[in-house]
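Colleague: Output the structure for:
(chains A, B, C, D, E and F)
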4 protein chains.
Amino acid sequence: MRIIVNHGQMVPIYEQIADQIKTLIRKGELREDDLLPSVRTLSKELKISALTVKKAYDSLENAGFTKTVHGKGSYVAATDTELLLEEQKKEIESDLEKAIRKGRRFGLSDGDIRCLFDLILGEEDA
Amino acid sequence: MRIIVNHGQMVPIYEQIADQIKTLIRKGELREDDLLPSVRTLSKELKISALTVKKAYDSLENAGFTKTVHGKGSYVAATDTELLLEEQKKEIESDLEKAIRKGRRFGLSDGDIRCLFDLILGEEDA
Amino acid sequence: MRIIVNHGQMVPIYEQIADQIKTLIRKGELREDDLLPSVRTLSKELKISALTVKKAYDSLENAGFTKTVHGKGSYVAATDTELLLEEQKKEIESDLEKAIRKGRRFGLSDGDIRCLFDLILGEEDA
Amino acid sequence: MRIIVNHGQMVPIYEQIADQIKTLIRKGELREDDLLPSVRTLSKELKISALTVKKAYDSLENAGFTKTVHGKGSYVAATDTELLLEEQKKEIESDLEKAIRKGRRFGLSDGDIRCLFDLILGEEDA
DNA sequence: GTGGTCTAGACCACT
DNA sequence: GTGGTCTAGACCACG
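Modeller: Numbering: from 1, shown residues only, chains lettered A, B, ... in the order given. Prediction:
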């Protein structure tokens, strides 16, 4: 299971982790009853604090994606992957919409905005 | 001069103010040597902390769009609207990039993301 | 606002805090739009870690009892106090039921169990 | 000898085992010098970790209810069923006390709590 | 081994 | 001042 964290961004690490695990579940790379890596294991692997991983796991359990058993670990819960995909798309949609609205408020034409978008999508920047 | 702040959003208030003043300058509604409303006046008008307005004005001066004269107020500086346009584009670019990064973190293909983008840009609801 | 934490018990401190604030809201001692003490203030007052208070506030916000505004503080949200009372009673009911069931499993008569209950309720032990 | 473990509850498995064996002893279904099932046997039967069974047996021996003979197994010790009864009462007492404390933390009056208690004790659903 | 809670700091962003 | 995130440990309970 490959998880990547980016310290430089302004996105909380725990959110990056939760997002990626949600995606793994949605893609079927993590299935119902699969065991997630232990908090300590993942924290060592990613070289971050165990508490940060814990926070990610807590949010996943809170959102119903996992079930945690004391002394055993966190298991993937039954999830409707279709629904999850829709939710994730909605989130991206909302973010893109905000950016577009701001662009229009700045007086940029839709063509200008699309131009910026194409520029970014074309680049490879990790 | 009409400035609107939206507390409900997740956009910092000082940023909303600075953005709107920058746009007013770029569009020519505020011209060189025009006097901005005083920090106290604007803060009362918008019912927000004077410190927040001050922060917006600071950021404007810092970016070279205004000049502050002690005891008199903040004046619009000579502005290169081209430069301003570039700055605003940079900002939209950054927002778009964040959304795209998150989309990729969600495992969406660039095609999926572009599809969402086109959908939104196509609609008229700004 | 009086909040008491008991380190000796096996009840998480953050849960004790959240429970008591919920109760204050239910009783009307905290009303809609009231400002909770800041995380730092309360942590100093209770001589516990700020993170522990934060965790309590997070759970309250998560459950919809408060709204947090960055840089300003946590406000009491609109709540149905009747509903909240019912929920709290349900929780106590469930705990009592578990204890009673265990007692019966131990072969104690309902009279024995009631006897124990009366003994405890009669004592004063904060 | 019938022992049942319930993973779904929030009661530690080792405690469930020890409780049930204690009750068997007190009720006379297990008598002095009776041999308990081996740790390995019971762990296989209940499909749980041998360490968990071991912990239950340890707690029983620690409390004086069994005697372990190296290489042979765990035997029921001479038991003062009166004492055992007292211990079990203590346990129920502790559980009831926790529930009552929480009820008070919720701002319920002792009358309210007693009301809930009576309601549950009155029903037959064990 | 596992998760659950807690500490005493730190740095950042917002008001 | 405020909240939001993070660290690098600690101790406890459960398996």
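Colleague: Contact residues of chain A facing DNA strand F?
Modeller: Taking Cβ under 7 Å from any atom of the strand as the criterion, chain A approaches DNA strand F at residues A:12-15, A:48-52, A:55, A:69-72. Every C-beta, even on glycine, is put in place using the N, C-alpha and C of the backbone.
Colleague: swap the cut-off to 6 Å and go again
Modeller: A:Pro12, A:Ile13, A:Tyr14, A:Ile48, A:Ser49, A:Ala50, A:Leu51, A:Thr52, A:His70, A:Gly71, A:Lys72 (Cβ under 6 Å from any atom of the strand).
Colleague: So for A:Lys89, what's the nearest residue that isn't a sequence neighbour?
Modeller: B:Leu116 (6.3 Å; Cβ to Cβ, 6 or more residues apart in numbering or on different chains).
Colleague: State the pLDDT value of A:Glu32.
Modeller: Per-residue confidence at A:Glu32 stands at 92 (pLDDT).
Colleague: how much space between the residue lying farthest from the centre of chain A and B:Gly64?
Modeller: The centre of chain A is farthest from one residue, A:Gly107, which by Cα atoms, centre = their mean lies 31.9 Å away. Distance of A:Gly107 to B:Gly64, given as Cβ to Cβ, to the nearest Å: 19 Å.
Colleague: again, but for A:Ile113
Modeller: 25 Å.
Colleague: Which of those two has more residues huddled nearby?
Modeller: A:Ile113 (23 against 14; other Cβ atoms under 10 Å in any protein chain shown).
Colleague: residues contacting the more buried one?
Modeller: With contact taken as Cβ atoms under 8 Å, 6 or more residues apart in numbering or on different chains, A:Ile113 is in contact with A:Ile100, A:Gly103, A:Arg104, B:Ile92, B:Leu96, B:Leu121.
Colleague: tell me the angle the helix or strand containing A:Asp112 makes with helix B:110-122.
Modeller: Per DSSP states H and E, A:Asp112 falls inside helix A:110-122. Calculated by axes from the mean of the first three to the mean of the last three Cα atoms, to 10 degrees, helix A:110-122 forms an angle of 170 degrees with helix B:110-122.
Colleague: Identify each buried residue in helix A:110-122, please.
Modeller: Neighbour counts using 16 or more other Cβ atoms under 10 Å in any protein chain shown place A:Asp112, A:Ile113, A:Arg114, A:Leu116, A:Phe117, A:Ile120, A:Leu121 of helix A:110-122 among the buried residues.
Colleague: now do stretch A:38-57
Modeller: Applying a neighbour-count criterion of 16+ other Cβ under 10 Å, the buried positions in stretch A:38-57 are A:Val39, A:Leu42, A:Ser43, A:Leu46, A:Ile48, A:Thr52, A:Val53, A:Lys54, A:Lys55, A:Ala56, A:Tyr57.
Colleague: Quickly name whichever of those residues is closest to chain C.
Modeller: Distances from chain C to those, taken as Cβ to the nearest Cβ, are shortest for A:Lys55 (9.7 Å).
Colleague: and that closest one, what does it touch?
Modeller: Here A:Lys55 is in contact with A:Tyr14 (Cβ under 8 Å, 6+ apart).
Colleague: That one belongs to a helix, doesn't it?
Modeller: Yes. Assessed by DSSP: H, G, I helix; E, B strand; the rest coil, A:Lys55 belongs to a helix.
Colleague: And it, how close does it get to chain D?
Modeller: Here A:Lys55 is placed at a distance of 22 Å from chain D (Cβ to the nearest Cβ, to the nearest Å).
Colleague: Let me know the pLDDT of that residue.
Modeller: 97.
Colleague: now do A:Glu123
Modeller: As predicted, A:Glu123 sits at a pLDDT of 65.
Colleague: hmm, back to that, can you tell me which of the contacts of A:Ile113 lies nearest to DNA strand F?
Modeller: Closest to DNA strand F out of those is B:Leu96 (21.8 Å), distances taken as Cβ to the nearest atom of the strand.
Colleague: where are the low-confidence patches of chain A?
Modeller: In the predicted model, chain A carries pLDDT under 70 at residues A:123-126.
Colleague: In it, which residue is most central in space?
Modeller: Central residue of chain A (Cα atoms, centre = their mean): A:Asp19, 1.6 Å from the mean position.
Colleague: just checking, it touches B:Lys102?
Modeller: Yes. Between A:Asp19 and B:Lys102 there is a contact under Cβ atoms under 8 Å: 7.2 Å.
Colleague: Can you read off the backbone torsions of the nearest residue to A:Asn62 once chain neighbours are set aside?
Modeller: Distances taken as Cβ to Cβ, 6+ apart place C:Asn62 nearest to A:Asn62, at 7.0 Å, with adjacent residues excluded. The phi and psi torsions at C:Asn62 (degrees, to the nearest 10) take the values phi -60, psi -40.
Colleague: and the strand or helix carrying A:Gly103, how far out from the chain's middle?
Modeller: Element membership of A:Gly103 [criterion: DSSP H and E] is helix A:81-105. Averaging C-alpha positions (Cα atoms, centre = their mean, to the nearest Å) puts helix A:81-105 14 Å from its chain's average.
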